[in-house]
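Engineer: the sequence and its predicted three-dimensional model are supplied below.
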Amino acid sequence: MAGKIKKVLESIFSNNIVISILFWIFAILPLVTSDIVLRYVLNPIRLNNSYVFVPILFNLFWIVLILYICKFILPKKIGRIIYVIFTLIFGFWFFVNFISFKMFSKYLWVETVFLFSEAKNYASAVWQYIDIKVFLVGIIYIGSIILTCIMWQERKIKNRILRVIPAILSIIGILGVNAYMGIALNKDKAGGAWEVWDKPTLVYDKFADSNKSLNIAGIYQYTFKSIYKIFANNNKVLPEKEKMVDDFFEGKSIKKENEMTGILKDKNVVFVLMESIDSWMINDKYMPTVKYMMENGINFANHYMPNVGVGYTVNAEFAANTGFYCPSTETSASIFTKNSFPYALANMANEKGYVGTSFHSNGRNFYNRLALHRQFGYSDYKSFMDYLSIEKCVQDSEAVKSDKIYGMMTGNDKFLDFIITYSVHLPYDKEDNKLKGAMANYPDLIDESLDLETRNALLLAHDTDEFFRILLKRLEEDKLLDNTVIIAFTDHYSYGISDKKKVLELRGEDEDAIIEKVPFFIYSPGLKPKEVKKVTSTIDILPTIANMLGFENNGYYLGEDAFDSNYKGLVYFPNGNWYDGNIYYKDGQVVAEDNKEYIDEINKYIAKLVDINDYVILTNYFSRLKLR
């Protein structure tokens, strides 16, 4: 029997036609696997019938181009090496995008590779997103590459002209599909439909939403167009856009005083970005101090932080300090270290006699924070690791226990401290230094009835609460509390909980709720308690507190003062979704309360805001404003 099977196999593999067919199957398999998994399995977005063929054609032409170059143009050995390198690079690219989408519901731009040194904070959490299906895909991927190399034969087409024709036709095909999208975009503009964010032509033209861009372009065109974006000069100063931005700010420059104007004038400011603190963590057991401040201060109950770019935290601190988002075409706000931000919080505070200092666990070069924060106006950036042991520098409560660090926070006559907490940073399923510290310090709060991630996240959240408790106690003992305001906001929802549905369940919200909803509050003794139900987002923080502190800002923000009676409240997200407190516009559909004319108006307004935001930051608008 074994002998017969052997003869059959020898017969099959001695047949050049069979080998050739198997070769092409195995050669193509890894090249299509990544796109199928990302676009059809992981994040299926239904395309308009007019565009469903676009990613298919892009993928087809790119695959044909790569295979023909490797198989028929290059010598056998070199072609095989290039094929292996190409497929392995895209295999890795597929893997990091798979993990990124699982963790953040977002694909990555190519320029994200420049942030891999910062990715170490997330490395330990990656394994919880890898299951048997990922391993199976990996085995198929690697196995196909190996079998392709084994079956690789010498090229059969000797005529040089005939040999390159498929490659030339593939290039023409790529350019042709690209041109088709440009023509279709012009038709959409002519038809008045171009303002709608999820229009495939606009998505492809702007290339700002990574999820939709990959879906409309396919993984190969998405990747190579993303590379092109890195080198393309999109930061030109254009007269028509300059006027648009000037007019926008001129319309906001009229002084609009309200009942909150100057209410916090000359008070010391402790501005806190709370890492990963979610509303479900805030209760009497785990975060009583934060709960007290929210109930006895101003609580913004409908506040959101959109997931803009990669690096949630640095992009949140950028938005809160400047009133602008990281541009939709960029990965991280950490690259804008040469921009001028004269109306950032610390720069305005400096003019009022404050001394601003920023504090965090990570080193000063992490996300270029020293350089970036100095552009915001902070005189220095203090890393807790320079003053505490490696075990204690990641625990929020230990920082404020330190006389040295507390002294640097409160040592100036008028101080502005920007503090980025760290305790609740993921992972929640691994005993790292911060979790070991929390377990040792708060054993009575370990609840074995909870699942591992929830139990540990709550324990870590208590350490952040201890930071606030100790801070308030020390400020009161030093007779500084009455003249100090605590302004605290969260950088993102608790995405360290691997199941997003679990996060909404812990909040007591249904699956249609907006997961980017996060805490934001202002507390100072004597400040009348208030709950703000109006929708706000992180870019609204600066104009709101600037007004309360009595700073002159001339409205040079994308965001709005939450206490401005003319501002109705609005948050928009990079994928084109938005919410105004009544209407939730999601994936081109209205979840609640339909009003087409109003929806079209908001879509146009948001498209304009995105354009202004990107132009201001990418062209360093405020550096020119100072010269006028």
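Structural biologist: Great, that's in hand.
Engineer: and the helices in the stretch 151-300 of the chain, which stretches?
Structural biologist: 160-190, 200-206, 210-231, 239-252, 288-295 (DSSP state H, counting those that start in this stretch).
Engineer: which strands or helices does the third one pack on?
Structural biologist: In terms of contact count using 3 or more C-beta pairs under 8 Å, 6 or more residues apart in numbering; DSSP states H and E, helix 210-231 is assigned the packing partners helix 16-36, helix 53-68, helix 76-104, helix 160-190, helix 200-206. In this view, the C-beta of every residue, glycine as well, is placed from N, C-alpha and C.
Engineer: before we move on, what about the shortest one?
Structural biologist: Identification of packing neighbours for helix 200-206 by 3+ C-beta pairs under 8 Å, 6+ apart yields helix 160-190, helix 210-231.
Engineer: and of these, who's closest to Val237?
Structural biologist: helix 210-231 (18.7 Å; C-beta to C-beta).
Engineer: tell me the most buried of the helices and strands packed on helix 210-231?
Structural biologist: helix 200-206 (a mean of 23; mean count of other C-beta atoms under 10 Å).
Engineer: thinking again about what came up before, same list (the helices and strands packed on helix 210-231) but as CSV, adding distance to Asn566.
Structural biologist: Listed next are the helices and strands packed on helix 210-231 as CSV, based on distance: least, C-beta to C-beta, whole Å:
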stretch, distance to Asn566
helix 16-36, 47
helix 53-68, 42
helix 76-104, 34
helix 160-190, 31
helix 200-206, 29
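Engineer: next, count neighbours for Leu570.
Structural biologist: 22 (other C-beta atoms under 10 Å).
Engineer: and the nearest residue to it once chain neighbours are set aside, how close does it get to Tyr615?
Structural biologist: Of all residues not flanking Leu570 in the chain, Asp580 sits nearest, at 4.9 Å (C-beta to C-beta, 6 or more residues apart in numbering). Here Asp580 is placed at a distance of 24 Å from Tyr615 (C-beta to C-beta, to the nearest Å).
Engineer: between the two, which one's more packed in?
Structural biologist: More crowded of Asp580 and Tyr615, by other C-beta under 10 Å: Tyr615, with 21 against 18.
Engineer: confidence score at that one?
Structural biologist: Here, the pLDDT recorded for Tyr615 equals 93.
Engineer: weakest of the helices and strands packed on helix 200-206 in terms of mean pLDDT?
Structural biologist: Taking the mean pLDDT of those, helix 160-190 comes last: a mean of 84.
Engineer: helices and strands around that one, which ones?
Structural biologist: Using 3+ C-beta pairs under 8 Å, 6+ apart, helix 160-190 sits against helix 53-68, helix 200-206, helix 210-231.
Engineer: right, so of the helices and strands packed on helix 210-231, which gets closest to Val270?
Structural biologist: Short answer: helix 76-104, nearest of the helices and strands packed on helix 210-231 by C-beta to C-beta, at 29.0 Å.
Engineer: CA atoms of stretch 222-236 as CSV?
Structural biologist: Presented in CSV, the C-alpha positions along stretch 222-236 are these (Å, rounded to 0.1, in the frame of the first residue of the first chain):
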residue,chain,number,x,y,z
TYR,A,222,-2.9,51.0,1.5
THR,A,223,0.7,50.3,2.5
PHE,A,224,2.4,51.9,-0.5
LYS,A,225,0.2,55.0,-0.5
SER,A,226,0.9,55.3,3.2
ILE,A,227,4.6,55.2,2.4
TYR,A,228,4.1,57.9,-0.3
LYS,A,229,2.3,60.1,2.3
ILE,A,230,5.5,60.1,4.4
PHE,A,231,7.5,61.7,1.7
ALA,A,232,4.8,63.8,0.0
ASN,A,233,4.8,67.4,0.9
ASN,A,234,1.3,68.1,2.2
ASN,A,235,2.3,71.0,4.5
LYS,A,236,2.3,73.8,2.0
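Engineer: got the buried residues for it?
Structural biologist: For stretch 222-236, a neighbour-count test (16 or more other C-beta atoms under 10 Å) marks Tyr222, Thr223, Lys225, Ser226, Lys229 as buried.
Engineer: one step back: would CSV of the helices and strands packed on helix 160-190 with distance to Ser332 be doable?
Structural biologist: Output for the helices and strands packed on helix 160-190, formatted as CSV (distance: least, C-beta to C-beta, whole Å):
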stretch, distance to Ser332
helix 53-68, 27
helix 200-206, 19
helix 210-231, 13
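Engineer: can you check the pLDDT for the residue nearest to Leu570?
Structural biologist: For Asp580, pLDDT reads 94.
Engineer: so it is in contact with Val535, correct?
Structural biologist: Yes - counting by C-beta atoms under 8 Å, Val535 is a contact partner of Asp580 at 6.0 Å.
Engineer: please enumerate the shared neighbours of those two.
Structural biologist: Applying C-beta atoms under 8 Å, 6 or more residues apart in numbering, one finds that Asp580 and Val535 are jointly contacted by Gly569, Leu570, Val571.
Engineer: okay if I get those as TSV plus distance to Ile172, secondary structure and pLDDT?
Structural biologist: Output for those, formatted as TSV (distance: C-beta to C-beta, whole Å; DSSP: H, G, I helix; E, B strand; the rest coil; pLDDT from 0 to 100):
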residue	distance to Ile172	secondary structure	pLDDT
Gly569	50	coil	95
Leu570	45	coil	96
Val571	44	strand	96
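Engineer: beyond the helix or strand where Val400 lies, next helix or strand please.
Structural biologist: Using DSSP states H and E, the element containing Val400 is helix 396-401. Next in sequence after helix 396-401, counting helices and strands by DSSP H and E, comes helix 403-410.
Engineer: picking that back up, could you dump the helices of the stretch 151-300 of the chain into TSV with distance to Ser623 added?
Structural biologist: Below are the helices of the stretch 151-300 of the chain laid out as TSV (distance: least, C-beta to C-beta, whole Å):
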stretch	distance to Ser623
helix 160-190	32
helix 200-206	25
helix 210-231	22
helix 239-252	13
helix 288-295	38
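Engineer: closest one to Pro55 among those?
Structural biologist: Across these, closest to Pro55 is helix 210-231 (C-beta to C-beta), at 3.5 Å.
Engineer: tell me the angle the closest one makes with helix 16-36.
Structural biologist: 100 degrees (axes from the mean of the first three to the mean of the last three C-alpha atoms, to 10 degrees).
Engineer: for this protein, which segments count as strands?
Structural biologist: 268-274, 298-300, 303-304, 355-360, 380-383, 415-420, 484-490, 520-523, 530-532, 536-537, 571-572, 578-579, 584-586, 589-590 (DSSP state E).
Engineer: mean pLDDT for those: which is lowest?
Structural biologist: Taking the mean pLDDT of the strands of the chain, strand 589-590 comes last: a mean of 76.
Engineer: I'd like to know which elements that one is packed against.
Structural biologist: Taking 3+ C-beta pairs under 8 Å, 6+ apart as the contact cut, strand 589-590 packs with no helix or strand.
Engineer: so what strands line up beside that strand?
Structural biologist: strand 584-586 (antiparallel) (DSSP bridges).
Engineer: what lies in contact with the partner strand?
Structural biologist: So strand 584-586 is contacted by Asp512, Ile514, Gly576, Asn577, Trp578, Tyr579, Val590, Val591, Ala592, Ile599, Ile602, Asn603 (C-beta under 8 Å, 6+ apart).
Engineer: now that strand: buried residues?
Structural biologist: Neighbour-count burial for strand 584-586 [16+ other C-beta under 10 Å]: Tyr584, Tyr585, Lys586.
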